[in-house]
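In: Kindly return the folded structure for what I paste below:
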Amino acid sequence: MDLQIKLFRWLSKGHHIIALTRGTIDIKAVAQIFAEVAQITQPLSDCKILIDLRDSTYKLDPADIQAFTNELRTDVWPDGNKIAFLSDRNGHLGIWVMNVDGSNPVELMDGFAGTQPD
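Out: Take a look at the predicted model:
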């Protein structure tokens, strides 16, 4: 897997991390992504993180994902940080955001229709 992580700092908009991946993503690659992003964001507050996996192929077993999320340390990120992700939990692919501890998932936008949910 090829991983590139960039940190952007704007005085008026705060810190933003963009991680781009290419190649095969397995559970070891997921752990590497989280470890590197956590290392960069640990000293920051209110950091926005985007992980772009569009140019990657996935070899992830659901049991591996469950084990990884069960062991995920959410205390490595400061309070106030959020994780954005894509999900079809409402029957359509949409953009969601949640706290780093997995709480308070909120759909921001329907990814296909481009509309905001009610």
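
In: For I49, list each beta-bridge partner.
Out: Applying DSSP bridges to I49 gives these bridge partners: I17.

In: Restricting to C-alpha, output the helix or strand of the chain with the lowest mean pLDDT in PDB.
Out: Taking mean pLDDT, DSSP states H and E as the measure, the chain has strand 82-87 as its least confident helix or strand, at a mean of 71. Only the C-alpha atoms of strand 82-87 are listed here, as PDB (Å, rounded to 0.1, in the frame of the first residue of the first chain):
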ATOM      1  CA  LYS A  82     -14.200  14.000  14.400                       C
ATOM      2  CA  ILE A  83     -14.000  11.100  11.900                       C
ATOM      3  CA  ALA A  84     -15.800  11.400   8.600                       C
ATOM      4  CA  PHE A  85     -16.800   8.200   6.800                       C
ATOM      5  CA  LEU A  86     -19.000   6.900   4.000                       C
ATOM      6  CA  SER A  87     -21.900   4.600   5.000                       C
END
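
In: From the chain's centroid, how far away is it?
Out: Counting by CA atoms, centre = their mean, to the nearest Å, strand 82-87 is centred 5 Å from the centre of its parent chain.

In: now stretch 88-101
Out: Between the centre of stretch 88-101 and the centre of its host chain there is 11 Å, according to CA atoms, centre = their mean.

In: now do the same end-to-end measure for it.
Out: 20 Å (CA to CA, to the nearest Å).
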